[in-house]
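Colleague: fold the stuff below for me.
(one chain, ligands or ions: 1)
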Amino acid sequence: MKDETYYVIQKKDNVLGLVNVPIYLSSTYRQLEPGKPISYEYARTQNPTREIMEEIIAKIEGGKYGFLFSSGMSAIDTLLSILNPNDHILVDIDIYGGTYRILEKLYRKFNIHIEYADFTNLEELSKKINVNTRMLIVETISNPLLRTPNIEEISKIKKNAILVVDNTFATPYYIKPLEFGADIVVHSITKYLSGHSDIVMGAIILNNDKLAHDIKFYQNSKGGVPSPFDLFLLSRGLKTLHIRMEKHTQNASRISEFLKNHKNVSEVYYPGYSGMVSFRIKKDIIEFAKRLEIITLGESLGGVESLLNVPYYMTHASMPEEERAKRGITKNLVRLSVGIENIEDLIKDLENALL
Ligand SMILES: Cc1ncc(COP(=O)(O)O)c(C=O)c1O
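Modeller: Numbering: from 1, shown residues only. So this is what the prediction gives:
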């Protein structure tokens with residue numbers, strides 16, 4: 001991201017000189033005559049706080065259009081609304097459990113043909129893409145095994161498909177998928193972009209005018225928009241994204257080295273950047289989780305505090321047992337969101353829990 005930190009892209013307020021994004025709390029707007037609003041009509045459709053933050057979120061990802069939603073799942077649901085019955089879509093095998101769930105439990109019902117592929121295997125992926133493939137869905141850093149499919153190479157073989165990249169784990173600080181050929185970027189803002197585990201929010205960013213028009217229509221029609229208070233918290237969180245991401249990476253790199261050398265850890269997955277580290281332990285997982293004192297056992301990730309997730313029982317529990325087994329989501333797999341605490345404290349906490 002470098003030159004596109006919040007401070008650089010925030011527009012200067014030349015009316016009042018505000019240095020923060022104002023919170024506009026008006027669900028409706030006065031009209032001059034019936035059907036003639038002054039400018040805004042109704043806050044599901046437009047809200048000035050959201051407009052400012054949508055422009056900022058688009059710029060942070062290097063995109064033309066940004067749309068904000070009441071959750072990451074609402075953003076994903078809205079972008080899936082552009083599909084038509086009988087469309088074929090391909091989804092990476094290692095993907096957030098909630099994305100898998102909405103596809104399997106809801107969109108299959110609408111006759112969307114959902115198929116999974118290993119997006120790190122371009123040969124396999126290429127064979128599965130056909131002329132009717134309307135969409136490809138992949139995460140920059142996959143969940144929970146933290147693989148890093150090559151977005152640029154995938155974009156070269158996508159044919160007519162819309163390439164959707166969930167950039168939640170990597171963040172635009174490290175990679176901007178639109179620059180590598182993605183058509184749509186989606187985020188759970190709940191995670192690193194807001195960064196403080198205090199809001200639930202999602203985003204869609206894209207360049208295509210026609211698709212943006214459709215997304216805008218579905219955003220208003222479905223109505224999953226964020227609250228102005230939460231948008232303010234996003235603005236506050238984004239201001240420190242660059243500093244937080246550097247520290248997450250520093251701490252996660254140290255922890256991955258520590259884990260690689262630990263006798264009670266069998267495998268460590270770390271992509272080399274961002275704050276997510278997954279690993280398999282040789283100890284009882286319940287005992288391990290209970291012994292942690294600084295690291296909190298809880299769903300979610302990307303906050304300043306370290307959070308530990310056991311995907312089998314938590315984020316991926318909605319996946320059928322055999323699907324979890326196929327994907328390597330075993331009971332002893334741990335996904336750690338490394339926070340920005342003192343690194344020695346974190347290592348001591350893990351050391352103690354792994355005894
Ligand atoms: C990669 C990824 N995408 C999407 C989501 C869904 O976002 P939200 O929880 O904000 O609805 C999550 C949530 O954990 C996620 O990890």
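
Colleague: surely residue 334 and residue 276 touch.
Modeller: No: with contact defined as CB atoms under 8 Å, residue 334 does not reach residue 276; the gap is 11.2 Å. Any C-beta I mention is one placed from the backbone N, CA and C, and that applies to glycine too.

Colleague: higher neighbour count, these two?
Modeller: Neighbours were counted for residue 334 and for residue 276 using other CB atoms under 10 Å; residue 276 has more, 28 against 21.

Colleague: residues in contact with the more buried one?
Modeller: Contact analysis of residue 276 by CB atoms under 8 Å, 6 or more residues apart in numbering lists 141, 146, 169, 252, 270, 301, 335, 336, 337, 338.

Colleague: filter these down to just the buried residues.
Modeller: When those are checked for burial by 16 or more other CB atoms under 10 Å, the buried set is 141, 146, 169, 252, 270, 301, 335, 336, 337, 338.

Colleague: hmm, residue 296 and residue 305 touching each other?
Modeller: Yes: counting by CB under 8 Å, residue 296 is a contact partner of residue 305 at 6.3 Å.

Colleague: what's residue 122 in contact with, if anything?
Modeller: Going by CB under 8 Å, 6+ apart, residue 122 touches 150, 153, 154, 157.

Colleague: what's near enough to touch the closest residue to the ligand within the chain?
Modeller: Taking CB to the nearest ligand atom as the measure, the chain has residue 72 as its residue closest to the ligand, at 2.2 Å. Residues counted as contacts of residue 72 (CB under 8 Å, 6+ apart) are 98, 168, 186, 187, 188, 189, 190, 191, 200, 201, 202.

Colleague: which of the residues you listed fall within helices?
Modeller: Judged by DSSP state H, the contacts of residue 72 include residue 98 as members of helices.

Colleague: now render the contacts of residue 72 as JSON lines, adding neighbour count and pLDDT.
Modeller: Formatted as JSON lines, the contacts of residue 72 follow (neighbours: other CB atoms under 10 Å; pLDDT from 0 to 100):
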{"residue": "98", "neighbour count": "17", "pLDDT": "94"}
{"residue": "168", "neighbour count": "27", "pLDDT": "98"}
{"residue": "186", "neighbour count": "26", "pLDDT": "98"}
{"residue": "187", "neighbour count": "30", "pLDDT": "98"}
{"residue": "188", "neighbour count": "28", "pLDDT": "98"}
{"residue": "189", "neighbour count": "29", "pLDDT": "98"}
{"residue": "190", "neighbour count": "24", "pLDDT": "98"}
{"residue": "191", "neighbour count": "22", "pLDDT": "98"}
{"residue": "200", "neighbour count": "19", "pLDDT": "98"}
{"residue": "201", "neighbour count": "29", "pLDDT": "98"}
{"residue": "202", "neighbour count": "26", "pLDDT": "98"}
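
Colleague: with distance to residue 232 added, can I get the contacts of residue 72 in JSON lines?
Modeller: Converted to JSON lines, the contacts of residue 72 look like this (distance: CB to CB, whole Å):
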{"residue": "98", "distance to residue 232": "26"}
{"residue": "168", "distance to residue 232": "21"}
{"residue": "186", "distance to residue 232": "22"}
{"residue": "187", "distance to residue 232": "18"}
{"residue": "188", "distance to residue 232": "19"}
{"residue": "189", "distance to residue 232": "13"}
{"residue": "190", "distance to residue 232": "15"}
{"residue": "191", "distance to residue 232": "18"}
{"residue": "200", "distance to residue 232": "15"}
{"residue": "201", "distance to residue 232": "11"}
{"residue": "202", "distance to residue 232": "17"}
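
Colleague: where does residue 195 land in three-state SS?
Modeller: For residue 195, the assignment made with DSSP: H, G, I helix; E, B strand; the rest coil gives coil.

Colleague: got the contact list for the worst-scoring helix or strand of the chain on mean pLDDT?
Modeller: When each helix and strand of the chain is scored by mean pLDDT, DSSP states H and E, helix 6-9 comes last, with a mean of 77. Contacting residues not belonging to helix 6-9 are listed as 56, 59, 60, 235, 238, 239, 241 [CB under 8 Å, 6+ apart].

Colleague: what about 6 Å?
Modeller: For helix 6-9, the surrounding residues in contact (CB atoms under 6 Å, 6 or more residues apart in numbering) are 56, 59, 238, 239.

Colleague: and which of the contacts of residue 72 is nearest to residue 325?
Modeller: residue 98 (19.4 Å; CB to CB).

Colleague: quick check: which element contains the closest residue to that closest one other than its chain neighbours?
Modeller: Excluding its sequence neighbours, the residue lying closest to residue 98 (CB to CB, 6 or more residues apart in numbering) is residue 73, at 5.5 Å. Secondary structure assigned from DSSP states H and E places residue 73 in helix 72-80.

Colleague: thank you, goodbye.
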